[in-house]
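J.: need a structure here:
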Amino acid sequence: MKNLLVIIFTFCTLAAFGQYTTNSVEREGFVFGFSIGGGAISIADSDQENPFDEAQGAISLPNLKFGWMLNDRLALMATFHGLIYEYEGSDRSFDAITPSLQYWIKDRWWINGGFGLAIDGPALYEIDDLDEEDWNFGCAVVASTGYEMVQRRNFTIDLQTKVQLGRTFMEGDRHRDGAAFSVGIGFNWY
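T.: Prediction:
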């Protein structure tokens with residue numbers, strides 16, 4: 001309950017601060033951004049001997065994007081989305097690395113979408129030896145939208161949401177499907 005109150009207070013503060021800022025953002029050149037948040041993930045494994053089909057609350061890490069502004073409303077991006085989930089007593093991450101396009105529909109509201117590589121592997125803080133870890137790869141599609149609550153000349157803070165769907169392939173004929181929804185706060189530099 002305490003965490004929920006902190007999140008609500010943070011969003012209200014950002015919304016109030018964002019109403020009194022002037023729109024002077026200059027979107028040009030190189031773009032870099034990261035976001036933090038949380039959400040829900042549903043993971044289903046096709047393994048018949050040890051089936052795994054579960055939905056969990058998740059931490060949304062890491063979420064990075066970088067790219068180049070093609071004009072003042074359109075950017076070509078490389079995005080890295082991920083949610084952490086628990087599997088057999090350890091934390092794993094269901095991630096997507098996607099080339100994408102981000103377009104500002106209105107001055108503060110943007111949409112982003114892309115298709116690329118899905119990765120199911122240990123969470124970054126769980127990796128002991130890269131060679132000994134269980135990594136699965138496949139394909140993913142990601143769509144997101146955001147609203148810039150704070151705008152400065154070369155910096156914005158936005159409230160954003162993402163949907164990520166992916167399938168990774170495992171040994172044999174097995175696969176693991178993931179569907180994730182997350183909400184977060186993004187920090188972006190232009």
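
J.: Secondary structure element holding the residue located most distally from the centre of the chain?
T.: Within the chain, Glu49 marks the point farthest from the mean C-alpha position, 31.5 Å out by C-alpha atoms, centre = their mean. Using DSSP states H and E, Glu49 falls within no helix or strand.

J.: Next up, the contacts around the closest residue to Ala40 other than its chain neighbours.
T.: The shortest distance from Ala40 to any residue that is not its chain neighbour, by C-beta to C-beta, 6 or more residues apart in numbering, is 5.5 Å, and that residue is Phe181. Any C-beta I mention is one placed from the backbone N, CA and C, and that applies to glycine too. By C-beta atoms under 8 Å, 6 or more residues apart in numbering, Phe181 lies in contact with Gly39, Ala40, Ile41, Thr161, Lys162, Val163, Gln164.

J.: Return the set of residues that bridge with the first one.
T.: In this entry, Gly39 is beta-bridged to Ala58, Ser182, by DSSP bridges.

J.: my guess is it meets Ala55, correct?
T.: No - judged on C-beta atoms under 8 Å, Gly39 makes no contact with Ala55 at a distance of 10.9 Å.

J.: for the closest residue to Pro122 other than its chain neighbours, what are its contacts?
T.: The shortest distance from Pro122 to any residue that is not its chain neighbour, by C-beta to C-beta, 6+ apart, is 5.1 Å, and that residue is Glu133. With contact taken as C-beta under 8 Å, 6+ apart, Glu133 is in contact with Gly121, Pro122, Ile127.

J.: in this structure, which segments are predicted with low confidence?
T.: Segments of the chain classed as low confidence (criterion: pLDDT under 70) are 1-23, 62, 131-132.

J.: Can you list the residue ranges for helices in it?
T.: Counting by DSSP state H, the chain has these helices, from start to end: 2-19.

J.: middle-most residue in it, spatially?
T.: Among the residues of the chain, the one closest to the centroid is His81, at 3.4 Å (C-alpha atoms, centre = their mean).
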